[in-house]
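Enquirer: here's my sequence, what's the structure:
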Amino acid sequence: MTDASSFRHDPETTGDERATLTGFLDYQRGTLEWKCAGLTPEQLARRATPPSTLSLLGIVRHLADVERSWFRRRVAGEPVPPIFFTETEPDLDFDGAVADPEVVATAFSAWRREAARAREITAAVKLGDTFVHPGTGETLSVRWVLTHMIEEYARHNGHADLLREAIDGQTGE
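Expert: Here you go, the predicted model:
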């Protein structure tokens, strides 16, 4: 597997709260990129174990929509639709992860674009800014969203570790 330092950088150890939260989130984003590096479309689309549809490509597609949903739709209030799933096909982010170079390119492009837009949105708001979650009615802060996103990536990066090891035996933190 490619050297991790090509994809991720350790978060600041003495930064303020914003630097710490965004640093850890970027570290997790970089970890996912690292886990996917150097693989073919077929390897990226390989499923975990039946009946699961979990794959590295599916995780990338899923996290593109998670980034979009939390930062653009909720924090910024942008009326943008999901990218890789629909109301009638809520699992299409995973189910539509097929071994096609165009599908792979589209997924990684969308994911990188959504992460970049999330960084822009995060830089323009205060950690204590809040919004009401449209599904639950809960009031949530940007701080909560950043913490949740770190958890979301960490969970899926655990899946990515296992998937990558099953694909080519490569392991790493």
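Enquirer: ok, the spatially most central residue of the chain to Asp3 distance?
Expert: Nearest to the geometric centre of the chain sits Leu63, at 3.2 Å (Cα atoms, centre = their mean). For Leu63, the distance to Asp3 (Cβ to Cβ, to the nearest Å) stands at 22 Å. For glycine as for every other residue, the C-beta is placed from the backbone atoms N, C-alpha and C.
Enquirer: try Leu163
Expert: Taken as Cβ to Cβ, the span from Leu163 to Asp3 is 20 Å.
Enquirer: the more surrounded of the two?
Expert: Ranked by neighbour count (other Cβ atoms under 10 Å), Leu163 and Asp3 place Leu163 first, with 24 against 9.
Enquirer: please tell me I have it right and the more buried one contacts Gln43.
Expert: No - using Cβ atoms under 8 Å, Leu163 is not in contact with Gln43, being 9.2 Å away.
Enquirer: ok, for Ala110, nearest residue in space, not its chain neighbours?
Expert: Nearest residue to Ala110 in three dimensions, chain neighbours excluded: Ala64, at 4.4 Å (Cβ to Cβ, 6 or more residues apart in numbering).
Enquirer: who touches that neighbour in this structure?
Expert: With contacts defined as Cβ atoms under 8 Å, 6 or more residues apart in numbering, Ala64 is in contact with Ile83, Phe84, Asp93, Ala107, Ala110, Trp111, Arg113, Glu114.
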